[in-house]
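Chemist: predicted model follows, preceded by the sequence.
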Amino acid sequence: MQETLYRPARSEQSHEVSCEVCKGNRLVCVQNSSRCPVFLRAKSLVDIEKVVGKTEFFGASPPGVFLGSYGYPNLLAGPLVPVLQEPDPSLLDSPDRWLDKSIDELIRYRFSLVRGKSTVRVQDARNPDKTLSLVQEIVMSETPTDTELVLKKKPHVRINLLTRSSPHGPSGVVERLSLASNPDVPRQIDKVVSDTDLPANEGAQSLYQNGISQQHIVRMFSIGLLGASRTRRLVPTEWSITAIDDILAKDLRRNVSDYPRLDEFRLFSAHAVGNNVHVLLFPTSWMFEALEGWLTGPRPEVFGDYELNKGRKDYPTNIAGAYHASRLPVLEYLNKIRRQGGAIVFLEVTRDWVPLGVWRFRELARRALTGDPSQFTNLEDALAEARKRLLIPYRNWAEASRLLSYYKQQSVLDRYVGSTTC
C-alpha cells in the first residue's frame, strides 16, 4: 500500500473545519477545548469529566477499533470501549445505521467511546503481541464483546476535527486489556482469516458477498486480518475505509461493464445529517463523477473527480475518500438492476454539518438509490429538475464538472456521425 494514495483532498485543504470559532485554525481548539463548539456539545451529552477521572473501564466493545495514521509506519492501535451503558453497544460504531440519528446523538456516540492506544508497527499484524491479538479477536466478533481496559494514566481528550475523520473520545495508553466474554465469530470470517494464501482483496469481496457488513470488513482490513500471511499489515482506519470502498467497487465495475445500457436518465435524492446527495444516472457506458460542494465558507465552492469507462488508476486528489464512498453505491445499484450507465453524484455539505466522517456520503447515496427515481428522456429535463433540488447555484456545479461537457460533446459527435451516414 502506498502512503501517497491518501493525501488530503483539495476540498479538505479549502474547508478543514466549518466552525465560526476557529475559522479552520484547529490549534485554537486543540489548545483550548473549552472554546470548541463540538466539544461543548459533547460535554452536554456525556459526563466527560467523570470519564477522564479514572483509568479502568469495562464495557462491551461495539466491536470497535481505531488506528491513527500519525507516525506511519508506526501506529497507535487499540480497541474502543464504551463508558456509557448502551442498550445496543454495536450502534456506537455502525455508520450504516446512523443516518436517522441526530448530529447530537452521533457526537454522543463518538465521545462515549474510550480509545485504548498501543504503539505498533504495520508488520506486527503477522506476529501480534498479546494486546494486539486480543484486539484482533474483538474485531472478528459479529457482536459486542465484554472488554476490560486498563490505562497507564487517566485518559485525555484531544479535539480532532477534520472533514474525513470522526471526533475522538477520551484516549490513553493501554496498561492491560482482557476479554470477559467470548467473541462471536461468524463462520465466513473465520474461514477468510484462516486462509493465509487468500489475497486481501479477494477476502474482502468474499465477506461482502456473504453478507458481512462493510464496516466489519473495514475493521478486519485495518487490524491486519486479511491477506496472505506474508503480506498482512496494519492499516490506519481512515485509509482502510477508502481501500475497502475501492476494492469492492472495482469488482462490481467489471460486472456492470458487461450489462446493457440504461434507457433513460434517472435522478435520485436523499438528505440527512446536514448533507444532501443527488445521483444522476444517464444512458451511456460506465463513467462516473463525484462533485462535492460546500456551503460552509464565505462563498460556495465545488470540487470534483471523475473516471471514464476503464476506471481510474490514480488517486482522486480533489475530493479523496468522498469519491470512493459515493461511487460504490452507484455500482451496487447498477449491478442490482443489471444495467450499465454513467453517473454524476452531487454531494452538498450544509452549515449544519460537523465533521463525523465520510460514511455519510456512502449511506446517503445508498438511501437515495433505494427510492423511486424521477425519470427523463433527455439531459436538459434531468438537469432542470436537479437545479431545483441543489442549494448551491447550478453554474458552480457545471463549471466543476468534466462529465457534463464530455457527454454533451459526445452527443454532438454522435449526431454528426449519424447525419453523415444517412
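Modeler: Happy to help now that I have it.

Chemist: what ranges of the protein fall below the confidence cut-off?
Modeler: Residue ranges of the chain with pLDDT under 70: 1-46, 48-50, 158-168, 411-422.

Chemist: what do you get if the cut-off is 90, keeping everything else the same?
Modeler: Residue ranges of the chain with pLDDT under 90: 1-53, 68-70, 83-87, 103-113, 156-170, 238, 295-301, 310-313, 351-358, 408-422.

Chemist: buried stuff in stretch 321-338?
Modeler: For stretch 321-338, the neighbour count (16 or more other Cβ atoms under 10 Å) marks 321-335 as buried. (C-beta placed from N, C-alpha, C; glycine too.)

Chemist: again, but for stretch 347-365
Modeler: Buried residues in stretch 347-365 (16+ other Cβ under 10 Å): 347-350, 353-365.

Chemist: for it, measure first residue to last.
Modeler: From its first residue to its last, stretch 347-365 covers 9 Å (Cα to Cα, to the nearest Å).

Chemist: how about the helices in the stretch 101-250 of the chain?
Modeler: 103-111, 130-140, 187-194, 200-209, 214-222, 237-256 (DSSP state H, counting those that start in this stretch).

Chemist: hey, which of those helices is tucked in deepest?
Modeler: helix 214-222 (a mean of 24; mean count of other Cβ atoms under 10 Å).

Chemist: dump the residue contacts of P183.
Modeler: P63, E137, I138, M140, S141, T145 (Cβ atoms under 8 Å, 6 or more residues apart in numbering).

Chemist: at 7 Å what do you get?
Modeler: E137, I138, M140, S141, T145 (Cβ atoms under 7 Å, 6 or more residues apart in numbering).

Chemist: can you tell me how far it sits from S102?
Modeler: Distance, P183 to S102, using Cβ to Cβ, to the nearest Å: 31 Å.

Chemist: and G274, its phi and psi?
Modeler: Per-residue torsions, G274: phi 70, psi 20 (degrees, to the nearest 10).

Chemist: correct me if wrong: it contacts E348.
Modeler: No - if you go by Cβ atoms under 7 Å, G274 and E348 don't touch, sitting 9.4 Å apart.

Chemist: N378: how many residues sit nearby?
Modeler: The local packing of N378 (other Cβ atoms under 10 Å) involves 12 other residues.

Chemist: let me see the ranges of the strands in the stretch 1-150 of the chain.
Modeler: 56-61, 65-67, 74-82, 113-121, 145-151 (DSSP state E, counting those that start in this stretch).

Chemist: per the record, what domains does this structure have?
Modeler: 36-246, 257-420 (automatic domain parsing).

Chemist: start to end distance for stretch 105-116?
Modeler: 22 Å.

Chemist: cool, stretch 191-211 as well?
Modeler: So stretch 191-211: terminal residues 14 Å apart, Cα to Cα.

Chemist: picking up where we left off before, turn the helices of the stretch 101-250 of the chain into CSV, including distance to P73.
Modeler: Formatted as CSV, the helices of the stretch 101-250 of the chain follow (distance: least, Cβ to Cβ, whole Å):
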stretch, distance to P73
helix 103-111, 26
helix 130-140, 15
helix 187-194, 22
helix 200-209, 17
helix 214-222, 14
helix 237-256, 12
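
Chemist: now for these, which one comes closest to K313?
Modeler: helix 237-256 (10.8 Å; Cβ to Cβ).

Chemist: tell me what angle the helix or strand just after the closest one forms with helix 103-111.
Modeler: Next helix or strand after helix 237-256 toward the C-terminus (DSSP states H and E): strand 265-272. Strand 265-272 and helix 103-111 are oriented at 70 degrees to each other (axes from the mean of the first three to the mean of the last three Cα atoms, to 10 degrees).

Chemist: what pairs with strand 265-272, parallel or antiparallel?
Modeler: Using DSSP bridges, strand 265-272 pairs in its sheet with strand 275-282 (antiparallel), strand 374-376 (antiparallel).

Chemist: quick one on the thing from earlier: of the helices of the stretch 101-250 of the chain, which is nearest W397?
Modeler: Closest to W397 of the helices of the stretch 101-250 of the chain, according to Cβ to Cβ: helix 237-256, at 22.8 Å.

Chemist: show me what that closest one is packed against.
Modeler: Counting by 3 or more Cβ pairs under 7 Å, 6 or more residues apart in numbering; DSSP states H and E, the packing neighbours recorded for helix 237-256 are helix 200-209, helix 214-222, helix 321-337.

Chemist: farthest pair in the contacts of P183?
Modeler: Using Cβ to Cβ, the pair of those lying farthest apart is M140 and T145, separated by 9.3 Å.
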